[in-house]
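Enquirer: Whatever this is, show me its structure:
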Amino acid sequence: MKKLVSVILVFGLLLTFAVMPVCAETTEVDYLYRDKLIEYTLEDYYTLFIYNEQYCHTDDDGNVDWALIRAEAGPFENMAVSKVVCDVYIHSNYMSYPFTFGYGIYDAKEDRFISLQGADVAKYDGLEEYINKNIGVPLGDADSDGELSVLDATYIQLAIAQLCEFSSEDYLGIYGCPIQYLSDFDRDGERNILDATAIQLKLAGLE
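Expert: Below is the predicted model of the structure:
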């Protein structure tokens, strides 16, 4: 019995490492594309002061086919920018360079950098899942706990029934904001019972 438990534990550890990102939260010695970004994207008067390769995705042959990069360089434009990417809301009080919101993709197959703002997320296998789990604020997060859960659907139902109030953080009435409310999960411009239903369907994998 002890041997069986040991085998299961070892297998579990191996599985954990197998699904970990190839290059998550890299240190300077692990940078794969920093010099390339500077060479192809940044000009002499820009200073790169934030850079890390948050996730590297590999193809079936074990080669990196795309990487999600966090990079910011000055100077900045003092302009608020916000966008819904996949199922998360991303906002910044300024437009950074070279990527809006500071996030971009290095497409290794095409050897080019793309701002997450204009990227075709569906083109990159695994990118949507990673974004939804690790970046921005989850759309539909009505209780402001940082994750989408059935509690958010319940919170919306209670608020609509006037048994509680929507959080002040729910309102996103910022210039250029693509949605008005964080709880507007179905993005129809209103927060209502349909948003609670959409959240439940999403969590049940029935969207």
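Enquirer: which is the next helix or strand following the helix or strand of the chain with the lowest mean pLDDT?
Expert: Of all the helices and strands that make up the chain, helix 2-18 has the lowest average by mean pLDDT, DSSP states H and E, namely a mean of 40. Moving toward the C-terminus from helix 2-18, the first helix or strand encountered (DSSP states H and E) is helix 34-40.
Enquirer: okay, now the domains of this protein?
Expert: For the chain, the structural domains run 18-137, 139-203, going by automatic domain parsing.
Enquirer: Remind me which helix or strand Leu201 belongs to.
Expert: Element membership for Leu201, per DSSP H and E: helix 193-203.
Enquirer: ok, and for stretch 118-127, which residues are buried?
Expert: Neighbour-count burial for stretch 118-127, with 16 or more other C-beta atoms under 10 Å as criterion, is recorded at 119, 124, 127. Every C-beta, even on glycine, is put in place using the N, C-alpha and C of the backbone.
Enquirer: follow-up on the earlier one: give me whichever of the domains of the chain is most buried.
Expert: domain 139-203 (a mean of 17; mean count of other C-beta atoms under 10 Å).
Enquirer: Could you give the average pLDDT over it?
Expert: Looking at domain 139-203 alone, the average pLDDT works out to 90.
Enquirer: now the end-to-end length of it.
Expert: Between the opening and closing residues of domain 139-203 lies a distance of 13 Å (C-alpha to C-alpha, to the nearest Å).
Enquirer: cool, stretch 154-173 as well?
Expert: Stretch 154-173 has an end-to-end distance of 23 Å (criterion: C-alpha to C-alpha).
Enquirer: Would you map the strands across the protein?
Expert: Under the criterion DSSP state E, the chain contains strands at 47-58, 64-77, 81-85, 88-92, 95-107, 112-115, 137-138.
Enquirer: To Gly189, which of those strands lies closest?
Expert: Judged by C-beta to C-beta, the one of the strands of the chain that comes nearest to Gly189 is strand 81-85, at 12.8 Å.
Enquirer: can you list the strands of the chain in TSV and add distance to Thr41?
Expert: Putting these into TSV (distance: least, C-beta to C-beta, whole Å) gives the following:
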stretch	distance to Thr41
strand 47-58	9
strand 64-77	9
strand 81-85	18
strand 88-92	18
strand 95-107	5
strand 112-115	6
strand 137-138	27
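Enquirer: Out of those strands, name the one with the poorest average pLDDT.
Expert: Taking each of the strands of the chain in turn, the lowest mean pLDDT turns up on strand 81-85, with a mean of 77.
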